[in-house]
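> fold the following.
(one chain, ligands or ions: 1)
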Amino acid sequence: MTEPMIHTNGLTRHFVVKNETVTAVAGLDLHVEPGELVALLGPNGAGKSTTLRMLTTLLAPTSGTARVAGYDVVTHQRGVRSRIGYIGQGNGAGHSQHGRDELVGQGRAYGMTKATAKARADELIESLDLAAVADRMVSSLSGGQRRRLDIAMGLIHSPALLFLDEPSTGLDPQNRANLQDHIRRLRAEHGTTIVLTTHYLDEADQLAERVIVIDHGKLIADDTPARLKAEHARDRITLTFDTAGQAAEIVRHPALGIVAGADIRQAGTTVVIDLDGAARLAQKLLRALDDALIELARVEVTQPTLDDVFLNLTGRSLRDETQGASK
Ligand SMILES: Nc1ncnc2c1ncn2[C@@H]1O[C@H](COP(=O)(O)OP(=O)(O)OP(=O)(O)O)[C@@H](O)[C@H]1O
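This next block holds a predicted model:
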């Protein structure tokens, strides 16, 4: 049996701020297998970065244990560091050098020979699409190019496990999509285990095979995006009427018997119906409403998002809390 890439037991970190104890991470049990692409998702202050900093040996746990890439993060820090890459928030390549030189320098810092470091830098420049800019000053690169160079820096020593702390924050949608493609390719070509933190619900949904949702330092859900949505959220049919009075009438109308078992509520001029299998039932419902001569202003059928999952698990929206960060 192969050893898991990450295994934590009751991982906990407190900070003492002005005589008050802040629990940033509260007893996390995590398990990541080699080759997985996992997203840690949670609102601001949930404990994502603190978790990553403990897993990468940058911060000691207050209690609990963590084994990463075969080593204990407290007793074998060097072992962990030799096998992982870590791209923190806004760190990485310096400004005053050429990208290629930064990469070779980083390789040398890991004890690689000059020739090996150069060959590896060439390989990463190629695979992260940096050929056109690798010989420019780092300070002249765009945000997306900088992020890709940061990732190349984290990969110079061919780590088995790569941690990315909010890789897409600050990038425009096009650069985010491009970066996500590169992350997928890295995994496909090299089998690198990737653990990333993100505020972006769609990023976690599209990119990760497994999403670990953290809130107040605790794990609140851990599964594939599809299963999280199937288990913790339902499809939604939203009916909009011209007046709130019409909407109130519809809530009690027999035509809604079609969606018996659904969670039905009125909000102003809309009637929101949460149920499983909305696509199938929406058609029947519309036919029944039509037969009853009920006029609709608008109909919308939507699939649940990871935000719905978070909302159902915590009663709060992740979207509201992360608005500032998503701009
Ligand atoms: N060095 C520190 N000293 C005191 N408190 C800290 C420290 N680092 C983190 N915290 C607190 O621990 C909690 C978790 O912070 P952390 O940065 O891990 O969250 P996060 O999920 O990464 O948030 P974000 O998405 O905003 O980066 C927060 O309440 C934060 O204020």
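> from here on, contacts and neighbour counts on C-alpha atoms
Will do.
> which bits of the stretch 1-150 of the chain sit near the ligand?
15, 17, 24, 42-50 (C-alpha under 6 Å from any ligand atom).
> neighbours of the residue in the stretch 151-300 of the chain positioned nearest to the ligand, just the number please.
Nearest residue of the stretch 151-300 of the chain to the ligand: His199, at 6.5 Å (C-alpha to the nearest ligand atom). By other C-alpha atoms under 10 Å, the residues close to His199 number 24.
> what's the answer for Gly257, then?
Gly257: 12 neighbours (other C-alpha under 10 Å).
> roughly how far apart are it and Glu295?
Applying C-alpha to C-alpha, to the nearest Å, the value for Gly257 to Glu295 is 18 Å.
> same deal with Ala204?
Shown here: Ala204 relative to Glu295, a distance of 39 Å by C-alpha to C-alpha.
> between those two, tell me which one has more neighbours.
Between Ala204 and Glu295, Ala204 has the larger neighbour count (other C-alpha under 10 Å), namely 24 against 13.
> host element of that one?
Using DSSP states H and E, the element containing Ala204 is helix 201-207.
> then that helix to CSV, C-alphas only?
C-alpha atoms of helix 201-207 as CSV (Å, rounded to 0.1, in the frame of the first residue of the first chain):
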residue,chain,number,x,y,z
LEU,A,201,-16.2,28.6,-6.3
ASP,A,202,-16.2,28.0,-10.0
GLU,A,203,-12.4,27.3,-9.9
ALA,A,204,-12.8,24.7,-7.2
ASP,A,205,-15.7,23.2,-9.1
GLN,A,206,-14.1,23.0,-12.5
LEU,A,207,-10.5,22.3,-11.5
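> identify all contacting residues around that helix.
For helix 201-207, the surrounding residues in contact (C-alpha atoms under 8 Å, 6 or more residues apart in numbering) are 37, 39-41, 180, 184, 198, 211, 225, 305-307.
> restricted to buried residues, select those residues in ChimeraX.
One line in ChimeraX is enough to select the buried ones among the contacts of helix 201-207; burial here means 16 or more other C-alpha atoms under 10 Å:
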select :37,39,40,41,180,184,198,211,225,305,306,307
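> quick one: which of the contacts of helix 201-207 sit in helices?
If you go by DSSP state H, those have 180, 184, 225, 306-307 in helices.
> which one of the contacts of helix 201-207 is nearest Leu28?
Distance to Leu28 across the contacts of helix 201-207 (C-alpha to C-alpha) is lowest for Leu40, with 12.0 Å.
> correct me, but that closest one touches Lys48?
Yes: the criterion here is C-alpha atoms under 8 Å, and Leu40 meets it with Lys48 at 6.6 Å.
> need the residues touching each of the two.
Joint contacts of Leu40 and Lys48 (C-alpha under 8 Å, 6+ apart) are 197, 214.
> how many residues are close by Thr243?
Count around Thr243 with other C-alpha under 10 Å applied: 12.
> helices of the chain, residue ranges please.
Listed in chain order, the helices of the chain (DSSP H) span 48-55, 77-83, 99-109, 114-127, 143-155, 173-190, 201-207, 225-232, 244-251, 278-291, 306-314, 318-326.
> counting by contacts, list what the fourth one packs against.
Just to be clear, that refers to helix 114-127. Helix 114-127 makes packing contacts with helix 99-109, helix 143-155 when contacts are defined by 3 or more C-alpha pairs under 8 Å, 6 or more residues apart in numbering; DSSP states H and E.
> let me know which of those is tucked in deepest.
Per-stretch averages of neighbours, counted by mean count of other C-alpha atoms under 10 Å, single out helix 143-155 among the helices and strands packed on helix 114-127, with a mean of 24.
> that one: how far from the chain's middle?
In terms of C-alpha atoms, centre = their mean, to the nearest Å, the centre of helix 143-155 is found 18 Å from the chain centre.
> contact partners of that helix?
85-87, 91-93, 99, 102-103, 106, 121, 124-125, 128, 130, 138, 162, 167, 170-171, 175-176, 179.
> okay, the angle between that helix and helix 173-190?
20 degrees (axes from the mean of the first three to the mean of the last three C-alpha atoms, to 10 degrees).
> picking that back up, kindly reformat the contacts of helix 201-207 as a markdown table containing distance to Val80 and pLDDT.
Listed next are the contacts of helix 201-207 as a markdown table, based on distance: C-alpha to C-alpha, whole Å; pLDDT from 0 to 100:
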| residue | distance to Val80 | pLDDT |
| --- | --- | --- |
| Leu37 | 19 | 95 |
| Ala39 | 20 | 95 |
| Leu40 | 20 | 94 |
| Leu41 | 23 | 91 |
| Gln180 | 25 | 88 |
| Arg184 | 23 | 89 |
| Thr198 | 23 | 87 |
| Val211 | 23 | 95 |
| Pro225 | 29 | 94 |
| Thr305 | 35 | 89 |
| Leu306 | 32 | 90 |
| Asp307 | 34 | 87 |
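> for the contacts of helix 201-207, work out which two are farthest apart.
The span of the contacts of helix 201-207, defined through C-alpha to C-alpha, is set by Arg184 and Asp307 at 22.8 Å.
> all set now, cheers.
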